[in-house]
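1. how would this look folded up:
(one chain, ligands or ions: 1)
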Amino acid sequence: MPGRVWFVGAGPGDPDLITVKGRDLLAQAGAILFAGSLVDRTATRFAPPDCVIRDSKDMTLEEMTAWLIEQCGRCETVVRLQTGDPGLYGALIEMTRPLTAAGIEWQVVPGVSSAMAAAAAAAETLTLPEVTQTVILTRVAGRTPMPPGEDLESLAAHKTTLCIFLSITLLHDVQQALRAAGWDEDAPILVVQKASWPGAEKIIRGTLADIKKKCQAEKIGSQAMIIASPTLGAADWPDLARSKLYDPTFTHRFRKAAANE
Ligand code: SAH
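-> Predicted structure coming up:
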């Protein structure tokens, strides 16, 4: 009976941000392949002592899938530990297709994405009633081109929350796209580097005009999430539309509206 491969989201950096299900799978794993460039080795601390642990940093995709298939020959639970959530910029399907072709079963365990961790680190919300109810997770073109219609300028035209991955070295392109889409120079922009990493997290708050200079001054060149959103800074706004869910005059499935409010 060959083993099964679990693609587990390790979370954004803090080893405590893995899910309970992910932790339990690590605890019973016979082999773990972790993405060492983005996942700290401490993430594997839940593994049993006899578990074979391998960093995939220097491996090609073919080598990784071959390793996973080989491990499935000798143990029941094989974990591929990925940063954040495996479904976001994680080459998931490229890795699973060879497994399926080899007759190996696989499953995905979601993880806390760095987009969520960055918002949490800065104590910001990504949605607000009557401000924006939409979050776009995207990137700008690097070596990977953007499909037609997904250039940042077009997406930014919606004036929703934008969580921009893999783009910190292309901050200039991000600025250009937001400007072209009509965002103000004083629109707030948040950059969080190493969100949730113990002792390493950096939070940079700026505007469309000055965010690049601020990031340069702080030497932010990798592992950073850019969030552009009309919700940023809402904790300090004088007026806020209320969320209907907690509005005393609003009845829903779990609560009746108060009679006089
Ligand atoms: N699957 C991951 C994303 C992998 S792509 C997720 O769900 O988070 C790698 C990009 O994610 C980086 O370029 C950076 O933009 C972002 N990223 C990953 N970890 C991060 C962290 N701890 N803090 C900020 N950004 C991070």
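2. contacting residues around the closest residue to residue 48 other than its chain neighbours?
-> Counting by Cβ to Cβ, 6 or more residues apart in numbering, residue 48 lies nearest to residue 27, which is 6.6 Å off, once chain neighbours are set aside. For every residue, glycine as well, the C-beta is placed using N, CA and C. Applying Cβ atoms under 8 Å, 6 or more residues apart in numbering, we find residue 27 in contact with 46, 47, 48.
3. and these, which of them are buried?
-> With burial judged by 16 or more other Cβ atoms under 10 Å, the buried subset of the contacts of residue 27 is 46, 47.
4. redo the contacts of residue 27 as TSV? Include pLDDT.
-> Listed next are those as TSV, based on pLDDT from 0 to 100:
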residue	pLDDT
46	93
47	95
48	96
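5. looking at the contacts of residue 27, spot the one nearest residue 117.
-> Using Cβ to Cβ, residue 46 is the member of the contacts of residue 27 that lies nearest residue 117, at 19.4 Å.
6. distance check, the residue of the chain found nearest the ligand against residue 92.
-> Going by Cβ to the nearest ligand atom, the ligand is nearest to residue 84 of the chain, at 2.0 Å. According to Cβ to Cβ, to the nearest Å, residue 84 and residue 92 sit 12 Å apart.
7. my read is residue 213 is in a helix, agree?
-> Yes. Using DSSP: H, G, I helix; E, B strand; the rest coil, the assignment for residue 213 is a helix.
8. any idea how many residues pack against it?
-> 11 (other Cβ atoms under 10 Å).
9. do you know how far it is from residue 141?
-> The value you get for residue 213 to residue 141, if Cβ to Cβ is used, is 23 Å.
10. list the contacts of the residue lying closest to the residue of the chain closest to the ligand once chain neighbours are set aside.
-> Here the nearest residue to residue 84 in space, its sequence neighbours aside, is residue 113; by Cβ to Cβ, 6+ apart that works out to 4.4 Å. With contact set as Cβ under 8 Å, 6+ apart, residue 113 has these partners: 9, 12, 84, 85, 88, 137.
11. spell out which parts of the chain neighbour the ligand.
-> Residues of the chain lying near the ligand by Cβ under 6 Å from any ligand atom: 12-13, 38, 83-85, 88-90, 113-114, 117-118, 165-166, 192-197, 223-225.
12. quick revisit: tabulate the contacts of residue 27 (JSON lines), appending secondary structure.
-> Output for the contacts of residue 27, formatted as JSON lines (three-state DSSP):
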{"residue": "46", "secondary structure": "helix"}
{"residue": "47", "secondary structure": "coil"}
{"residue": "48", "secondary structure": "coil"}
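13. so for residue 10, what's the pLDDT?
-> Predicted confidence (pLDDT) for residue 10: 96.
14. give me the neighbour count for the residue lying closest to residue 160 once chain neighbours are set aside.
-> Leaving aside its sequence neighbours, residue 160 sits nearest to residue 134 (Cβ to Cβ, 6+ apart; 3.9 Å). Residues contacting residue 134 under the criterion other Cβ under 10 Å number 11.
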